[in-house]
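Engineer: Provided below are the primary sequence and the corresponding predicted coordinates.
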Amino acid sequence: MATLNGWADASAAQVDRLFLADDENGCEVLRGDVATAFTWLVEQIHTRVERVTVLNGWRSRAFNTSVGGHAGSNHISATAIDVNGGRHPYEAHQRGQPYSSGFTAAQTAEVRRILAEADGLFTWGLDFPVGLRDAMHFEIASGRRASAVRAFVTTGTSSTRQEDDMGDLDPKQRIPVTGEAATVLGLKEQSLGGMLGYASAGFRQSRRDAARILAGQRAILVALGQAVDERAIAARVVATLRDDLTEVLLAEIRTRKVGVTRRAAETIADATIAQLTERFAVEPDGD
């Protein structure tokens, strides 16, 4: 069977649980390019609109029925996610009340800018008909097939503000793709930014693991009654992240047989870590 956007029902074997932004429980979406596309979308919302703490994705058809979901819900094909559902309600659950999306006007405008960057790949539930508006909901748009998602993740996921700060590295740089990678991808070249998009999900998991390490180390020191130098802990975590990201990038480069050096990977890692340092480097206690 197919869901409203034309994608086939997904099974448990076809989805991956992604741990994105500050969501602790993970969100299941269709494995592969769809997962990469939603990873990009969630990180954009988390960075530019609001902190993302709760995500929901795939539902089996049986579970969807049990919770009263629409029979054609795109959650069933694992091509839809709900972002911060507690803040952004479904209008049908608020009968008789004026609908509020939970987003400010500025946040709404920023979400629309993000969606425009994706060139219509996603539909936002806020644009559903009156009475069914669902501001938490984002889905692969009707008519957008696997080829459109592939095109986006190989070129579009590099169009972020962070990557504009990569110094001499150009995310749009075209890199030859050879060997088995060319056969699998059906491409003879790929943008540097697009190639890094494939690596991003693995790095984000490393980032979440590092955040847990930071919290764990702090808790141990507090339990032992020892002084907590949060900047020192954060610095160690960030250094680990840089090494992790470098290795993830190099693994991706080797897999796709593209001509990027270790130095380039390290430079990309440094630029990315510079963006993350502020998030991890907590101000020390003022005493």
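Structural biologist: Alright, I've got the coordinates.
Engineer: so what's residue 84 up against?
Structural biologist: Taking CB atoms under 8 Å, 6 or more residues apart in numbering as the criterion, residue 84 is in contact with 50, 52, 53, 54, 102, 136. Just so you know, the C-beta spots here come from the backbone N, C-alpha and C atoms, and that holds for glycine as well.
Engineer: try 6 Å
Structural biologist: Contact analysis of residue 84 by CB atoms under 6 Å, 6 or more residues apart in numbering lists residue 54.
Engineer: please apply the same query to residue 17.
Structural biologist: 26, 28.
Engineer: helix/strand/coil for residue 123?
Structural biologist: Per DSSP: H, G, I helix; E, B strand; the rest coil, the local secondary structure of residue 123 is strand.
Engineer: hang on, it packs against residue 141?
Structural biologist: Yes - A contact is recorded between residue 123 and residue 141 when judged using CB atoms under 6 Å, the distance being 4.4 Å.
Engineer: I'd say residue 3 and residue 71 touch.
Structural biologist: No - using CB under 6 Å, residue 3 is not in contact with residue 71; the gap is 9.0 Å.
Engineer: same for whichever strand or helix holds residue 150, what does it pack against?
Structural biologist: Counting by DSSP states H and E, the element that carries residue 150 is helix 146-155. Contact partners of helix 146-155 among helices and strands, from 3 or more CB pairs under 6 Å, 6 or more residues apart in numbering; DSSP states H and E: helix 33-48, helix 192-223.
Engineer: residue 29 sits in which helix or strand?
Structural biologist: strand 27-30.
Engineer: what strands line up against that strand, and which way round?
Structural biologist: Strand 27-30 pairs in its sheet with strand 15-18 (antiparallel), by DSSP bridges.
Engineer: in the partner strand, what's buried?
Structural biologist: Across strand 15-18, burial judged by 16 or more other CB atoms under 10 Å covers 15, 16, 18.
Engineer: quick one, what contacts the closest residue to residue 90 other than its chain neighbours?
Structural biologist: For residue 90, ignoring the flanking residues on the chain, the nearest one in space by CB to CB, 6 or more residues apart in numbering is residue 134 at 4.7 Å. Residues in contact with residue 134 (CB under 6 Å, 6+ apart) are 90, 125, 128.
Engineer: at 7 Å instead, please
Structural biologist: 90, 91, 125, 128 (CB atoms under 7 Å, 6 or more residues apart in numbering).
Engineer: give me the buried entries from these.
Structural biologist: Buried residues within the contacts of residue 134, counting neighbours by 16+ other CB under 10 Å: 90, 91, 125, 128.
Engineer: what residues does stretch 19-36 touch?
Structural biologist: 10, 14-18, 38-39, 42-43, 46, 51-58, 77-79, 81, 140, 146, 149-150, 153, 157, 197-198, 201, 204-205, 208.
Engineer: state the mean pLDDT of that stretch.
Structural biologist: Taken as a whole, stretch 19-36 has an average pLDDT of 89.
Engineer: lowest-confidence helix or strand of this structure?
Structural biologist: Ranked by mean pLDDT, DSSP states H and E, the weakest helix or strand in the chain is helix 179-185, scoring a mean of 51.
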